[in-house]
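Here's a sequence, model it:
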Amino acid sequence: ADGSSVTLTDSEKARALSRSREMSGRGLRVLAMAFGPSLETLSFAGIIGIEDPPREGVVESIRSLHKSGVKVLMVTGDSKETAIAIARRCGILCSSTFTQNSSGDIDPANGQGRCSFDSSGDERLDLDAHSDIPLDEEYGQYALSGRQLDSIGQQYLPDSIAGVKVFYRVAPRHKLALVRALQKRGEIVAMTGDGVNDATALKASDIGVAMGLGGTDVAKEAADVVLADDNFTTITHAIAEGKGIFFNIRNFLSFQLSTSFAALAMESVATVFSLPSPLNAMQILWINIIMDGPPAQSLGVEPVDPRVLRAPPRKVNDPIITRALLTRAISSAALIMFLTLSVFTKELDDGR
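As a prediction, the model looks like this:
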C-alpha cells in the first residue's frame with residue numbers, strides 16, 4: 001500500500017498467469033506492466049487487457065463465405081487463448097455449429113454457448129461469457145502454433161494442417177509455408193497482408209490481397225488486389241461479383257450460341273432439301289444487330305441469383321463452355337430452327 005516493492009511469490013505468479021489466460025480467453029490482448037530504473041531491475045505492476053474487436057460486418061461476411069464454400073483461416077501473432085476467442089467471435093471456429101433454415105440462410109446455433117455472437121449482429125465483447133469446457137479441450141484440435149509448424153516437416157505439413165483453422169504465435173515465414181502447404185492440397189489460396197514481411201506470402205499465393213490504407217508499398221506491389229478501404233467485407237463483395245460475372249458470361253454465351261446455331265442449321269437444312277434460303281443477308285444482319293445485341297447485353301448485367309452466390313467455388317481449370325451449356329444451346333437452337341422452318345415451309349405452300 002505504501003508503494004514499496006515486495007517479492008513476487010510463486011502463488012502470485014500463478015495467479016497473474018491464470019488471470020492473464022482468463023483475459024485472453026475473453027478476446028483481450030494482455031500486456032504485463034512493470035517499472036524500474038533498468039531492464040534488469042523491474043518491478044511487476046500488473047496486467048491490462050486491450051480489446052481489439054472485429055470490424056463491423058466481419059461476422060456476416062465470414063458467415064456468407066462459409067455458405068458459399070470458402071474456408072477462412074486465421075493467422076495471427078496473438079496468444080492461443082486470444083486467437084481462439086476472436087475466432088469464435090468472428091465465426092471462424094463456429095462453422096460446424098451453423099444450421100440452415102427453410103429460406104436457405106445459415107444461422108449460428110448458440111444453444112451451447114459455443115459462439116459469442118448472435119443473429120442480431122452484436123459483435124461487442126461479452127466479458128461475462130464463458131464456457132465450462134477449457135478452450136484447449138474444446139478447440140485445441142483446430143489450432144496450431146508457429147513452434148508446432150516448425151516441428152512439422154515440410155513434406156508432412158499439407159496433411160498436418162487439414163482441419164486447422166487458427167494459427168497463432170506465427171512469424172512471417174510461417175505464412176509462406178502455409179500458403180505453399182495449402183496449394184499442395186489443391187486449394188486456391190487468397191492471402192491478406194499489410195507489412196513488408198508479408199510480401200513473400202502475398203507473392204506466392206494465388207491471390208495476394210494487400211491493405212490500401214495501412215499497407216506498405218512493398219506489400220501493395222507484391223499483391224494482386226489492393227483493398228482501398230482495408231475492409232474484410234470488400235473481399236466478400238469481390239467474390240460475389242466474380243461469381244456473378246462468370247455466371248453472366250455463361251448466360252451470354254448460351255444465348256449467342258443458340259441463335260448462331262439456329263441460323264446456321266436453318267441455312268444448312270434449306271440447302272440440303274433444295275429449299276430457298278429462309279434468311280436473306282438483311283435479315284441475318286438485323287438478327288445480329290437488333291435481336292442478339294441488346295438481349296445478350298441485358299443478360300451480361302442481370303442480377304445474380306442468390307443460389308449462384310451460395311454455390312461452392314469452381315475449380316480453376318473448369319471450362320466456361322460446359323457440356324450442359326452446349327446441350328442447352330443446341331436444344332434451344334433446334335427448337336428455334338423447327339419453328340422457323342415450319343412457318344417458312346407453310347408460307348411457301350400458301351404462296352404456291
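
Show me what the one helix or strand Glu12 maps to is in contact with.
Using DSSP states H and E, the secondary-structure element containing Glu12 is helix 10-24. Here helix 10-24 makes contact (CB atoms under 8 Å, 6 or more residues apart in numbering) with 30, 32, 44, 47, 49, 79-82, 85. C-beta here means a position set from N, CA and C on the backbone, and glycine is covered the same way.

let's see 6 Å
30, 47, 49, 79, 81-82 (CB atoms under 6 Å, 6 or more residues apart in numbering).

do stretch 152-165 as well
Residues contacting stretch 152-165 (CB under 6 Å, 6+ apart): 73, 92-93, 142, 144, 181, 184-185.

again, only using 8 Å
Contacts to stretch 152-165, defined as CB under 8 Å, 6+ apart, come from residues 71-74, 87, 92-93, 141-144, 149, 177-178, 181-182, 184-185.

Next, the buried residues of that stretch.
By neighbour count on 16 or more other CB atoms under 10 Å, the buried set for stretch 152-165 is 152, 157-158, 161, 164-165.

got it, and stretch 176-193?
176-182, 189-193.

CA atoms only for that stretch, dumped as CSV, please.
Extracted in CSV, the C-alpha atoms of stretch 176-193 (Å, rounded to 0.1, in the frame of the first residue of the first chain):
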residue,chain,number,x,y,z
LEU,A,176,4.7,-18.6,-46.7
ALA,A,177,4.9,-22.2,-45.5
LEU,A,178,1.1,-22.3,-45.0
VAL,A,179,0.4,-20.8,-48.5
ARG,A,180,2.6,-23.5,-50.1
ALA,A,181,1.1,-26.3,-48.0
LEU,A,182,-2.5,-25.3,-48.9
GLN,A,183,-1.6,-25.1,-52.6
LYS,A,184,-0.1,-28.6,-52.4
ARG,A,185,-3.5,-29.7,-51.1
GLY,A,186,-5.1,-28.3,-54.3
GLU,A,187,-6.5,-25.2,-52.6
ILE,A,188,-6.8,-21.8,-54.3
VAL,A,189,-5.2,-19.5,-51.7
ALA,A,190,-6.0,-15.9,-51.1
MET,A,191,-3.7,-14.3,-48.6
THR,A,192,-4.1,-10.9,-46.9
GLY,A,193,-1.3,-8.8,-45.5
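
for the buried residues of stretch 176-193, which one is nearest Asn317?
Among the buried residues of stretch 176-193, Val189 lies closest to Asn317 (CB to CB), at 15.9 Å.

ok so, going back, among the contacts of helix 10-24, which lie within helices?
Mapping the contacts of helix 10-24 onto helices (DSSP state H) picks out 81-82.

who's in contact with Ala263?
Ala263 makes contacts with 279, 284, 287, as judged by CB under 8 Å, 6+ apart.

wait, I meant Val179
By CB under 8 Å, 6+ apart, the residues touching Val179 are 189, 191, 201, 204-205.

Perfect, that will be all.
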